[in-house]
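# Sequence unavailable; structure follows:
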């Protein structure tokens, strides 16, 4: 089996999970009032209510999954000495991941659950930020190809093209208010009037 196939499959799995993450968060948004604004507590909720359960899911899956896979792979459960770097960098990575999840949750809630706007920016931006971090880390040891900057520019245009051309579904028209729409025709009988 090609050595690159397994990481590519897991990267595709990440894209699939995170690609569905945005729409799932969109389903957790608070109802909107008649003015179109999000309903705040006590009738509605803030973006942070679903975020608590995002955190619980992260906690359960990360700890249980991590411990099980450590056992399966024959790892130790020590985080001291030379193993302390795994705790330090793991905590930093988790903090960055949780901060990203908080930003994504807030973006989804404040955009009325518009995953079609938010998710292309998240993924296009993430790949560019990863490239910039690599450039900063390796700046003394490598030469940056001009194609990197062209790729980032193409990514920006790609995000815009994807966001503008993704099907958005049909807007459901508001139902007319029948309470004020009763006609007063003196020649119409009760049998002819469907509202009576």
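Looks like it arrived, so ask away. Please read these numbers as outputs of a predicted model, since none were measured by experiment. Residues are numbered from 1 along each chain as shown.
# for the residue most central in space within the chain, what are its contacts?
The residue lying closest to the centre of the chain (Cα atoms, centre = their mean) is residue 22, at 3.1 Å. The contact partners of residue 22, by Cβ atoms under 8 Å, 6 or more residues apart in numbering, come to 104, 108, 115, 118, 119, 122. Any C-beta I mention is one placed from the backbone N, CA and C, and that applies to glycine too.
# how about 6 Å then?
Contact analysis of residue 22 by Cβ atoms under 6 Å, 6 or more residues apart in numbering lists 108, 115, 118, 119.
# again, but for residue 5
Applying Cβ under 6 Å, 6+ apart, no residues qualify as near residue 5.
# do you know how far it is from residue 80?
Distance, residue 5 to residue 80, by Cβ to Cβ, to the nearest Å: 36 Å.
# cool, and residue 109?
41 Å.
# How about residue 156?
45 Å.
# And for residue 108?
39 Å.
# between these two, which one's more packed in?
residue 108 (27 against 7; other Cβ atoms under 10 Å).
# Which residue ranges of this structure form helices?
Secondary structure of the chain, counting by DSSP state H: helices at 5-26, 48-72, 84-110, 115-138, 146-165.
# Any chance of those in a markdown table with mean pLDDT and distance to residue 40 as columns?
Shown next, in a markdown table, are these (pLDDT from 0 to 100; distance: least, Cβ to Cβ, whole Å):
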| stretch | mean pLDDT | distance to residue 40 |
| --- | --- | --- |
| helix 5-26 | 85 | 18 |
| helix 48-72 | 91 | 11 |
| helix 84-110 | 89 | 12 |
| helix 115-138 | 86 | 21 |
| helix 146-165 | 88 | 28 |
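# Would you reformat the ones you listed as CSV and include distance to residue 35?
Below are the helices of the chain laid out as CSV (distance: least, Cβ to Cβ, whole Å):
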stretch, distance to residue 35
helix 5-26, 20
helix 48-72, 21
helix 84-110, 16
helix 115-138, 21
helix 146-165, 26
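# closest to residue 36 out of those helices?
helix 84-110 (12.9 Å; Cβ to Cβ).
# what angle separates the closest one from helix 5-26?
Interaxial angle, helix 84-110 versus helix 5-26 (axes from the mean of the first three to the mean of the last three Cα atoms, to 10 degrees): 40 degrees.
# going forward can the numbers begin at 51, since that is how I track them
OK, 51 is where the count begins now, so the last one is helix 134-160.
# what packs against helix 134-160?
helix 55-76 (3 or more Cβ pairs under 6 Å, 6 or more residues apart in numbering; DSSP states H and E).
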